[in-house]
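**Student:** The following comprises the amino acid sequence and a computationally predicted model.
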Amino acid sequence: MGHAKSLGEFEHLLLLAILRQGNDISAMDVAGELRRRAGREPARGTMYVTFDRLEQKGYLSSIMGDPTPERGGKAKRLYTVTPAGLEALKRAGQALQAMWQGQESLLEDA
Amino acid sequence: MSAVRLAEALLRLATGRPDVAEAITGDLIATGRPGPWIVFTALRVGLRYGMERTVRRRRSRGISFPPSRNGPAMSLLHDLRYALRGLRTAPAFTTIAVLTVALGVGANVAIYSLVHAIMLTPLPYPAPDDMVRVWPGESVTMGWLEAFQDTESFAAVAGVTGSRATMTGQGEPLELVGASVTASLFEVTGVRPAMGRPFTREDMRPEAEAVIIVSHRLWQSAFGGDSSVVGRTVDIAEGNGESPRVIGVMPAEHVALSEDWEFWTPSSVDLEEDYPFSSEGCFCWQMIGRLAPGVDLASASAEVGVLAQRIREQSPEDIREEALASAIAVPLLDDLVGDADTSLLMLFGAVTLVLLIACLNVANLLLARGESRSRDLAIRSAMGAGRRRLVAQSFLESVALGLGGGALGVLLAFGLVDYFQVAVADVLPRTGAVAVDVPVLLFALGVSVFAGVFFGLAPAIGTLRTDPGTLLAGRPGMTGRRQRRVRSVLVSVEVGLAVVLAIGAGLMVRTLRSLNDVDPGFRTENVLTLRLNQPGQAYRSVEAVDAYYREVRERLGALPGVQSVATINSLPLTGAGWGWHYTVDGEPLPEGTAMPNARFRLISPGYFRSFDIPVLLGRDLTEADVAGPTEVGLVNLSFVARHFDSPAEALGQTVRLNTGHAFTIVGVVPDNRHRSLADDARAEMYRPRLFFPVRRRYVVVATETDPDALIPVVRRAVWDVDPNVPILDVASMAEVRRYSTRGSQFYFETLGLFATLAIVLGMIGVYGVLSFVVNQSRHGIGIRMALGADGRRVLRETVVQGLRPVLAGLVLGLAGGVLASRLLENLLFGVTTTDVGTFATVGVMVLATAMVSAYLPARKAAAVDPMKTLRAE
């Protein structure tokens, strides 16, 4: 596992999706952002499990929101990226950037 | 709603965190997708959590993931993957097989959900097995209750009788359903109010203050969950009409006896009296008891008999000799379920047949597929796969099919259960808790695995018998002829089972038709009916109640389009009504015999006119009869036949009720089917007045045209008389009649659905086998046609060949039908269990559909081009 707390690709995307939306974001909003920006349609199970894993790693914190009628009176869980999460994102972003240097032409449309 | 609860429970189990489960459930609900999808998705999410946990656990223990490739678990995983791949490469086969299993399992699980909720779920009380229903043989009076309270067998006994009350002061007046009970009920059930106190014996005194305990539901809906309601007087009027004080609120989860009850009131009994056993002025309680610790049902039941015998010795007029045999105690659950268990087991038997047919069909498909797979098997075997491993693989494939079909079947069951919840609400008891819940899902899992193993048997045996040498040489494992034979037998059995189901459905069709053809003896077209129940506070006296109903009749009678209006205490075809013990003056009762009993109807003048019932002899009732003081009544022909030689003889005779009140017979009316369409007429008496106020009555309005059009004006007219009287159960008599046959309708619909499924599956089997046969004998047919055989003849012969297993199945099914239809006996009406017409119709229908299924492959046979076949040689 090399770095004990390195970010997986999906974890990376998920944290960014939360950051992009501001804090206190629900799973559904994160899914929407991933779909719009990254064209990803993750399985629900994968998404929820990843949220939990990130929370256990200390990269995310969550609170329960208010229940609403369209959710059958069930509360939402709202996520926020923690300072440790931001740190991890930064590390992962830097590593990626370093690796991408000189390869930017690949990103241009073929 | 139950789907959402199930989904959340699954998620809670998988995540181990209620808040996470709630949030995910909310997300799923917010998608607006249907219940089954929510459950299915929750299951998938739950599985993903399970996987994640396994990975984490293994990682924390330093175990690599995925696990080693050599263990037995791994080889199972490998085989499973192999089986799934095999299924994927044959999508048409897999789809048909999965759908077939889904239909079988779905129907099975849905009916099991009924069986589980009604028969297997224990009553919601502490030590529910100790609760019994006591039948002392005669009507339960306070005397009986006291006598049983003192026995060794019972820790406590209680009397319970259903009751209705009117609630005003909350918008439209409402009628509440509840119960009048003795104080010991809470001791018997072991359920106490969540707030406030239970009843005491003092509450039962006639002079005691009126008190009431309300259900958690009523507390929420009518009193907004306000706990200060305990101690307050409320506008709920039952019986004598005093506004009672709330002394308790029942818990939400546990109810005392019925989920439908909104209130409990103490039965008012003069406790100082020497409690009589005779049913005079009785409460007509049901007696519920709790067995004393260590006492079993058999000895308690024996003591009930002994006690009844002793009471008969003391006062023979209070209990009839023949009633002694029915003095017993039965488990309360059995009593509540009643004879519904026969009907349920019949339905369960029917769905089991459907499942069996589905399994046979899949077995058939697997055999057909075995053909193309045998070479693959041979190669694997030659490469060193042991026989056991090959059989295991064969089973694994069929179990995977079973589980796939089962999962789909559970979704189907959700839909069916939704239908049942509406359809059986009044047909079967205890249907409130019918749901696809965890025990039902476990059952579904069991059935799916069983189905997979069951239909996997034939191909697995085929694999066992396979010799890799012959396989590799290119010959199929099971020779064409043997396979044809096995598959024909499967088809015969399938058809046989389908015929049994079709006969059941056919008999129910005949029953429904007979019921619809019955002439009940009164008019059911263009009659509007409604029920009124006056609040007791305002209507204490007989006169006040009668005056109210007279005014209602007058107002409604004056409406345009109304022919006549009347009232009665119990509407025909609703199964309800009073019985009353009586004697006829001048006809002394033989020593030691109990009084005869007849149905008692409290009617108003105009009743017979409104229902088009002719008065055969004597006269109809008039308004003067209602006011008295002369007491008159009419009787029906069954009553006349019981006591007199002719109707004329009955006129002028005096009938004396056991309460001492007497009346003179002034008219005779024909018998009619008041209780139900299927019931024979009984002795009946019709009276215009009674010595106590009867507030709850049905109003019948005979109309010139469509009665529904009059509902708004009728409502307005009734509320013009008094806006505080709730108007209930508004329905045309035609609807009441239809509703009275809902049980038969339900059994017909369910059996009809199962029979249709069974026949369709059976015909798929016929088609499949014949296609196989035609493919096999293509060569022979070709040669015959080259030698000059006529295509039409080939067609005819192939159809006949295809019908052979069908005929065998038909004979089997008709014979089975004779045995199985006995299970339906108490659901049938106007048709015998061995009705020749039904059996013949089913036979012809099955043959006709079989011919169509055989025709398609036969046409292929007739179209064989002899040149092509010969060239292929």
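**Tutor:** On my side now, so go ahead.

**Student:** What number of residues are in the vicinity of B:G652?
**Tutor:** When neighbours are counted by other C-beta atoms under 10 Å in any protein chain shown, B:G652 registers 10. In this view, the C-beta of every residue, glycine as well, is placed from N, C-alpha and C.

**Student:** isn't it right up against B:V668?
**Tutor:** No: counting by C-beta atoms under 8 Å, B:G652 stays clear of B:V668, with 11.4 Å between them.

**Student:** Just the buried residues of stretch B:410-420, please?
**Tutor:** Across stretch B:410-420, burial judged by 16 or more other C-beta atoms under 10 Å in any protein chain shown covers B:410-414, B:416-418, B:420.

**Student:** so the closest residue to chain A within the stretch 201-350 of chain B is in which element?
**Tutor:** Per C-beta to the nearest C-beta, B:Q220 is where the stretch 201-350 of chain B lies closest to chain A, at 15.0 Å. Following DSSP states H and E, one finds B:Q220 within helix B:216-223.

**Student:** quick one on the thing from earlier: what separates the residue of the stretch 201-350 of chain B closest to chain A from A:R77, distance-wise?
**Tutor:** The gap separating B:Q220 from A:R77 is 28 Å, by C-beta to C-beta, to the nearest Å.

**Student:** So which of these two has more stuff around it?
**Tutor:** Applying other C-beta under 10 Å to B:Q220 and A:R77 shows that A:R77 carries more neighbours, namely 23 against 14.

**Student:** Show the contacting residues for the more buried one.
**Tutor:** A:26-27, A:51, A:62-65, B:19-20, B:23 (C-beta atoms under 8 Å, 6 or more residues apart in numbering or on different chains).

**Student:** How about B:E187: what's its closest non-neighbour residue?
**Tutor:** B:A156 (4.3 Å; C-beta to C-beta, 6 or more residues apart in numbering or on different chains).

**Student:** now swap in B:A786 and tell me
**Tutor:** B:P866 (3.8 Å).

**Student:** Around chain B, which positions in chain A sit nearby?
**Tutor:** A:26-28, A:43-46, A:48-49, A:52-53, A:64, A:67-68, A:70-72, A:74-77 (C-beta under 8 Å from any C-beta of the partner chain).

**Student:** ok, of those residues, which come out buried?
**Tutor:** A:26-28, A:44-45, A:48-49, A:52-53, A:71-72, A:74-77.

**Student:** quick one: which of the residues you listed sit in strands?
**Tutor:** Using DSSP state E, A:26, A:77 are the members of those that sit in strands.

**Student:** what stretches of the stretch 351-500 of chain B score poorly on pLDDT?
**Tutor:** Across the stretch 351-500 of chain B, the ranges flagged by pLDDT under 70 are B:371-375, B:377, B:463-480.

**Student:** need the residues of it near chain A, please.
**Tutor:** So the stretch 351-500 of chain B never meets chain A (C-beta under 8 Å from any C-beta).

**Student:** can you tell me the residue of the stretch 351-500 of chain B closest to chain A?
**Tutor:** B:A407 (15.8 Å).

**Student:** by contact count, what packs against the strand or helix carrying that residue?
**Tutor:** Following DSSP H and E, one finds B:A407 within helix B:387-423. When contacts are defined as 3 or more C-beta pairs under 8 Å, 6 or more residues apart in numbering or on different chains; DSSP states H and E, helix B:387-423 sits against helix B:35-60, helix B:72-89, helix B:91-115, helix B:340-382, helix B:438-464, helix B:742-776.

**Student:** how close does the residue lying closest to B:V766 once chain neighbours are set aside get to chain A?
**Tutor:** Nearest residue to B:V766 in three dimensions, chain neighbours excluded: B:S853, at 4.4 Å (C-beta to C-beta, 6+ apart). Look at B:S853 and chain A: by C-beta to the nearest C-beta, to the nearest Å, they are 42 Å apart.

**Student:** Quick one: distance of stretch B:585-596 to the chain centre.
**Tutor:** 41 Å (C-alpha atoms, centre = their mean, to the nearest Å).

**Student:** Mind listing residues that contact that stretch?
**Tutor:** With contact meaning C-beta under 8 Å, 6+ apart, stretch B:585-596 is reached by B:316-317, B:319-321, B:323, B:581-583, B:642-643, B:653-656, B:658, B:662, B:683.
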